[in-house]
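K.L.:
Sequence and computational prediction follow.
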Amino acid sequence: MRMYDIILKKRKGIELTKEEIEFFVKGFTKGEIPDYQASALLMAIFFNKMNKRETADLTMAMVDSGDRINLSSINGIKVDKHSTGGVGDKTSICLTPLVASLGVPVAKMSGRGLGHTGGTIDKLEAFEGFSVELSEEDFINNANNIGIALTGQTGNIAPADKKLYALRDVTGTVDNMSLIASSIMSKKIASGADAIVLDVKVGDGAFMKTPEDAKLLAKEMVDIGTSVGRKTIGVISDMDQPLGYAIGNSLEVKEAIELLKGNGPKDLLELTLTLGSYMLVCSNTAKTFEEGKELLMKNIENGKGLEKLKDFVKAQGGDTSFIDDTNKLPKAKFIEEVRAKESGYIKKIHAEAFGLIAMELGAGRETKESNIDLAVGIVLNKKRDEKVQEGDVLAYIHSNDRNNIERAREKILKNIEIVKEPIEKLPLIYDVVQ
Ligand code: URA
């Protein structure tokens, strides 16, 4: 078999066989197929697409390129949750302890943020002492003893995806449905959960810009998961504006804690209850979606979700007094208001732009090597559809550098669109694919 023939075949739009896909993935992972040939094939896939069978074969070839985590020594049905990436998305921080407080074991691998999207691992480091590097033994023991464990991505989960993603990032081939679906699902399948609930984001701040494309991506991933015996559900949710009010690591942690104390923003609460309820249904903890929502709400009201967050943070070395007193979380030196220059209704809060502004304040990474400032970011004071008067506070800038405040203010004002007429409300949850 020759890589040249595989590239040519895909360039002509012909379906690749399982053997050809495996030949490519194995050869590329071992370094036997050079980047330039892999790039050419990625571009041919980008333009000529892959069908469902090819996408499933690509996914499994990437799973087989590395180790699979064996979670069988954790009791119960393990349900993983994954978001395709968004701005202000702190859902995992409140959702996972809440679900664990109802007896669903959570053994989760999370990533760090890159570019305009944040990562759960970075956010959790806002708790002083919190460690995301657990040995396999501690990971399993914590999941069994307290019901929740979270670790960073280990070295050898789907190494083919790691290499391919880096290449896609620099060759303009990230936003292809089959490549995204196989990339996400290869990591989820190798991570060993019995069931997977996917939060597929749609809108300005997401890979998928339309609900139709997000649905196709969700369907592709659900089909892959189901074909390998993992119950998989895809929830399509809005990312046309940031989720909740806070963007930036410790600001988001604070908002997630507030949710567990019963004071969460409406959209974050609705998404948490929706994803959580499907996780409960997948693990047979709730019979119906409605029952799941009720159980979750009850554990917010009685404080059991918050208690589970404390158990989790303590077990991973973090300081739980930060949960009782969120003022102890890293705080920025300067907090500056951004005021509206006109009256009207907020039509759009450009999610991607807000992710980038927070990154420029120091909350995110421009490259994998960048350090992040846990304290900084933006807290919105208004959300889409709200009425504003000239002079109202639209947002607060949290910064440790006086020099970057004016630039952030200008960009915030540019990226909040205010119109004269009330606007049509967009849904938070567009669809559910199962
Ligand atoms: N997240 C991933 O892990 N892979 C993609 O291709 C896109 C988002």
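P.N.:
That came in fine, so what should we check first? Given the structure is predicted, the values throughout are model-derived calculations rather than measurements.
K.L.:
any idea of the pLDDT on Ile323?
P.N.:
The model reports Ile323 with a pLDDT of 96.
K.L.:
That one: which element?
P.N.:
Assessed by DSSP states H and E, Ile323 sits inside helix 321-324.
K.L.:
Residues contacting the very next helix or strand once past that helix, please?
P.N.:
Next helix or strand after helix 321-324 toward the C-terminus (DSSP H and E): strand 334-339. By Cβ atoms under 8 Å, 6 or more residues apart in numbering, the residues outside strand 334-339 that reach it are 391-402, 405, 409, 412-413. No exception for glycine: its C-beta is placed from N, CA and C like everyone else's.
K.L.:
Could you rerun that using 7 Å?
P.N.:
Contacts to strand 334-339, defined as Cβ atoms under 7 Å, 6 or more residues apart in numbering, come from residues 391-399, 402, 405, 409, 412-413.
K.L.:
That one pairs with which strands, parallel or anti?
P.N.:
Applying DSSP bridges, strand 334-339 is found paired with strand 393-399 (antiparallel).
K.L.:
For the partner strand, which residues meet the burial criterion?
P.N.:
394-399 (16 or more other Cβ atoms under 10 Å).
K.L.:
what's the farthest-apart pair in those residues?
P.N.:
Maximum pairwise distance among the buried residues of strand 393-399 (Cβ to Cβ): 16.1 Å, between Leu394 and Ser399.
K.L.:
who's in contact with Glu133?
P.N.:
By Cβ under 7 Å, 6+ apart, the contact set of Glu133 is 151-152.
K.L.:
Can you tell me the SS state at it?
P.N.:
coil (DSSP: H, G, I helix; E, B strand; the rest coil).
K.L.:
any idea how far it lies from the ligand?
P.N.:
Distance from Glu133 to the ligand, counting by Cβ to the nearest ligand atom, to the nearest Å: 20 Å.
K.L.:
Nearest to the ligand, out of the contacts of strand 334-339: which one, please.
P.N.:
Ile412 (26.3 Å; Cβ to the nearest ligand atom).
K.L.:
State the mean pLDDT of stretch 292-304.
P.N.:
98.
K.L.:
Using CSV, write out every CA atom in that stretch.
P.N.:
Extracted in CSV, the C-alpha atoms of stretch 292-304 (Å, rounded to 0.1, in the frame of the first residue of the first chain):
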residue,chain,number,x,y,z
GLY,A,292,-33.4,13.6,36.5
LYS,A,293,-34.0,17.4,36.5
GLU,A,294,-35.9,17.2,39.8
LEU,A,295,-33.2,15.1,41.5
LEU,A,296,-30.5,17.5,40.4
MET,A,297,-32.5,20.6,41.6
LYS,A,298,-33.1,18.9,44.9
ASN,A,299,-29.3,18.4,45.4
ILE,A,300,-28.7,22.0,44.7
GLU,A,301,-31.3,23.1,47.2
ASN,A,302,-30.2,20.7,50.0
GLY,A,303,-26.5,21.5,49.4
LYS,A,304,-25.4,18.0,48.5
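K.L.:
Renumber starting at 45 from here on
P.N.:
I'll keep to 45 as the first residue from here, and by that count the last item is stretch 336-348.
K.L.:
Mind listing what's buried along that stretch?
P.N.:
Applying 16+ other Cβ under 10 Å to stretch 336-348 flags 336-337, 339-341, 343-344, 348 as buried.
K.L.:
Stretch 439-457 too?
P.N.:
Those would be 439-443, 448-449, 452-453, 455-457, for stretch 439-457 by 16+ other Cβ under 10 Å.
K.L.:
how far is it from where the chain is centred?
P.N.:
25 Å (Cα atoms, centre = their mean, to the nearest Å).
K.L.:
That one: end-to-end distance?
P.N.:
Distance across stretch 439-457, first residue to last, is 9 Å (Cα to Cα, to the nearest Å).
K.L.:
Now do Asp111 against the ligand, distance only.
P.N.:
Relative to the ligand, Asp111 is positioned 17 Å away (Cβ to the nearest ligand atom).
K.L.:
which non-adjacent residue is nearest that residue?
P.N.:
Asn200 (4.6 Å; Cβ to Cβ, 6 or more residues apart in numbering).
K.L.:
how deep is the one you found tucked in, by neighbour count?
P.N.:
By other Cβ atoms under 10 Å, the residues close to Asn200 number 13.
K.L.:
try Glu380
P.N.:
By other Cβ under 10 Å, 15 other residues sit near Glu380.
K.L.:
do the one 3 residues further on as well
P.N.:
Arg383 is flanked by 15 other residues according to other Cβ under 10 Å.
K.L.:
again, but for Pro78
P.N.:
As a burial measure, Pro78 scores 12 neighbours (other Cβ under 10 Å).
K.L.:
confidence score at whichever residue of the chain sits closest to the ligand?
P.N.:
Taking Cβ to the nearest ligand atom as the measure, the chain has Ser227 as its residue closest to the ligand, at 3.4 Å. If you check Ser227, the pLDDT there is 93.
K.L.:
Likewise for Gly196?
P.N.:
82.
K.L.:
That one bridge partners, please.
P.N.:
Under the criterion used here (DSSP bridges), Gly196 is bridged to Ser154.
K.L.:
what's the burial count for it?
P.N.:
By the criterion of other Cβ under 10 Å, Gly196 has 16 neighbours.
K.L.:
wait, it sits on Phe174?
P.N.:
No - using Cβ atoms under 7 Å as the test, Gly196 is too far from Phe174 to be in contact (11.6 Å).
K.L.:
and Leu353, what does it touch?
P.N.:
Residues counted as contacts of Leu353 (Cβ under 7 Å, 6+ apart) are 141, 304, 367.
K.L.:
Type out the PyMOL command that picks the buried ones from these.
P.N.:
Paste this into PyMOL to select the buried members of these, with burial taken from 16+ other Cβ under 10 Å:
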select buried, resi 141+304+367
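K.L.:
Export the contacts of Leu353 as TSV, with columns for distance to Met403.
P.N.:
Output for the contacts of Leu353, formatted as TSV (distance: Cβ to Cβ, whole Å):
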residue	distance to Met403
Pro141	27
Leu304	27
Ile367	26
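K.L.:
can you list contacts of the helix or strand hosting Met104?
P.N.:
Taking DSSP H and E as the definition, one finds Met104 inside helix 96-107. With contact meaning Cβ under 7 Å, 6+ apart, helix 96-107 is reached by 59-60, 62, 65-66, 69, 94, 202, 204-205, 222, 225-226, 229-230, 233-234, 264, 267-268, 271.
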